[in-house]
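S.K.: can't give you the sequence, but here's the structure:
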């Protein structure tokens, strides 16, 4: 079988790589069109924060942490950005490493960890938060969102509206991430994330990481545009695997000493 072409399962369902790419392309086109206004609003909040001396605080758990990595600490991305994570309670706090040895899903469902994550982060009032969760219902992210709003920060949520709407919140308040956000970026992923049908009625082929990364980079592009229009040189990372990349990046990071961290 040609792995790059179409194939059909026993039930006559198209399941090959080309079929998946076809579906992803359609979703990427949809998200890039429908989320333009929200991307612009999110970028406006970030530009305002950066011009006021703030930084971006990005959090995601599970696969959503990959999107926080798109926002904080990568080549072509904005320097004034932190990646927050569940493991911060061990890396930067005094929690025993044993708290990380259970099932990751158990920790991300625990709202009690959120306060400690916030306390350990180098946060200032002008910082803007981007919280990423496709389901948007787990205790840690909803509690962190609640803390962020209580502390007066602007909050951008990157989530799947469809999935979140069809789920029951796992937070004691009954609220979801999208209920607390100033701006909601909808990654367009369906309930359950996967989009390709299996002959037995199941599905495979997740999409939320692809569309969420797209939205994250769209926001970065609009922030860069906004900073240029404001007469500022965008503080953007160069690849460390290019000549002069390390020196360029260190010079920019020095401007944000004590404001950003580049841990594990």
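M.R.: It's in. What you see is a predicted model, and the numbers here were worked out from it, not measured in a lab. Residues are numbered from 1 along each chain as shown.
S.K.: for whatever helix or strand residue 247 lives in, the averaged confidence score.
M.R.: Element membership for residue 247, per DSSP states H and E: helix 245-255. Averaging pLDDT along helix 245-255 gives 96.
S.K.: which other residues reach it?
M.R.: 75, 79, 235, 236, 237, 238, 239, 240, 260, 262 (Cβ atoms under 8 Å, 6 or more residues apart in numbering). All C-beta atoms are positioned from the backbone trio N, CA, C, and that covers glycine.
S.K.: look at the last one and tell me its secondary structure.
M.R.: This means residue 262. On the three-state scheme (DSSP: H, G, I helix; E, B strand; the rest coil), residue 262 is labelled coil.
S.K.: who's in contact with it?
M.R.: 73, 253.
S.K.: and it, how far is that from residue 227?
M.R.: 21 Å (Cβ to Cβ, to the nearest Å).
S.K.: same deal with residue 82?
M.R.: 18 Å.
S.K.: who's more crowded, those two?
M.R.: Neighbour count, other Cβ atoms under 10 Å: between residue 82 and residue 227, residue 82 has more, with 26 against 20.
S.K.: biggest separation within the contacts of helix 245-255, which pair?
M.R.: Maximum pairwise distance among the contacts of helix 245-255 (Cβ to Cβ): 18.1 Å, between 239 and 260.
S.K.: give me the phi and psi for the closest residue to residue 211 other than its chain neighbours.
M.R.: Spatial nearest neighbour of residue 211, excluding adjacent residues (Cβ to Cβ, 6 or more residues apart in numbering): residue 187 at 4.2 Å. Main-chain dihedrals, residue 187, degrees, to the nearest 10: phi -80, psi 0.
S.K.: the one 5 residues further on too?
M.R.: Summarising the backbone geometry of residue 192 under the convention degrees, to the nearest 10, its torsions are phi 90, psi -10.
S.K.: and it, how many residues sit next to it?
M.R.: 15.
S.K.: got a list of what the residue lying closest to it once chain neighbours are set aside touches?
M.R.: What sits nearest to residue 192 in space, not counting adjacent residues and going by Cβ to Cβ, 6+ apart, is residue 203, at 6.3 Å. Contacts for residue 203 (Cβ under 8 Å, 6+ apart) come out as 192, 194, 195, 196, 197.
S.K.: selection in ChimeraX covering whichever of those are buried, please.
M.R.: ChimeraX command restricting those to the buried ones, with burial defined by 16 or more other Cβ atoms under 10 Å:
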select :194,195,196,197
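S.K.: save the contacts of residue 203 as CSV, and put in secondary structure too.
M.R.: Formatted as CSV, the contacts of residue 203 follow (three-state DSSP):
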residue, secondary structure
192, coil
194, strand
195, strand
196, strand
197, strand
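S.K.: and of the contacts of residue 203, the nearest to residue 28?
M.R.: Closest to residue 28, out of all of those and judged by Cβ to Cβ, is residue 195, at 11.8 Å.
S.K.: and the strands in the stretch 1-150 of the chain?
M.R.: Under the criterion DSSP state E, counting those that start in this stretch, the stretch 1-150 of the chain contains strands at 56-60, 81-84, 128-132.
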